[in-house]
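J.: Generate a structure from the sequence data that follows.
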Amino acid sequence: KARLGLDYTASNTLEIVSGKLTGRVLGTIVDAQGQADWLNRARTELGLDRDQVIAMGDGANDLKMMAEAGTSIAYHAKPVVREKARYAISHCGLDALLNLFPD
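T.: Next comes the predicted model:
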């Protein structure tokens, strides 16, 4: 979070022992509902309207979160996510977002 200059993040924490992933997740797993709840909490805390929020995902577990945002973006996503998202980025990097929001 600090290294990337992000104000908010929500993710699963993977366990690492002796520099290797163990295959276990530490703490509470951030599932589909957890993602949607987190997005709504952040939106409320920041005083944003739904239309001011962008959510991006790649799998079916992201759909609840994406449904809570005013703009949804499928990024190198599974077909079901591409079908439901407002925008889909399938062949470019994240810098393609700059073309969607030029201002």
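J.: Next, the buried residues of the top helix by length along the chain.
T.: In the chain, assigned by DSSP state H, the helix with the most residues is helix 32-46. Going by neighbour count (16 or more other CB atoms under 10 Å), the buried part of helix 32-46 is 32, 34-39, 43. (Glycine included, C-beta is placed from N, CA and C.)
J.: swap in stretch 69-79?
T.: Using 16+ other CB under 10 Å as the test for burial, stretch 69-79 gives 69, 71-75, 77.
J.: Span of stretch 81-97 from start to end?
T.: Using CA to CA, to the nearest Å, one end of stretch 81-97 lies 17 Å from the other.
J.: Give the rounded mean pLDDT of that stretch.
T.: Averaged over stretch 81-97, pLDDT sits at 95.
J.: can you give me how far that stretch is from the chain middle?
T.: A distance of 12 Å separates the centroid of the chain from that of stretch 81-97, by CA atoms, centre = their mean, to the nearest Å.
J.: one step back: pLDDT and distance to residue 58 for the buried residues of helix 32-46 - can I get that in TSV?
T.: TSV is the format used below for those (pLDDT from 0 to 100; distance: CB to CB, whole Å):
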residue	pLDDT	distance to residue 58
32	96	13
34	95	17
35	96	12
36	98	16
37	97	19
38	95	17
39	97	16
43	96	21
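J.: Switch those over to a markdown table; also include distance to residue 101.
T.: What follows is the buried residues of helix 32-46, written out as a markdown table (distance: CB to CB, whole Å):
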| residue | distance to residue 101 |
| --- | --- |
| 32 | 25 |
| 34 | 26 |
| 35 | 21 |
| 36 | 22 |
| 37 | 25 |
| 38 | 22 |
| 39 | 18 |
| 43 | 18 |
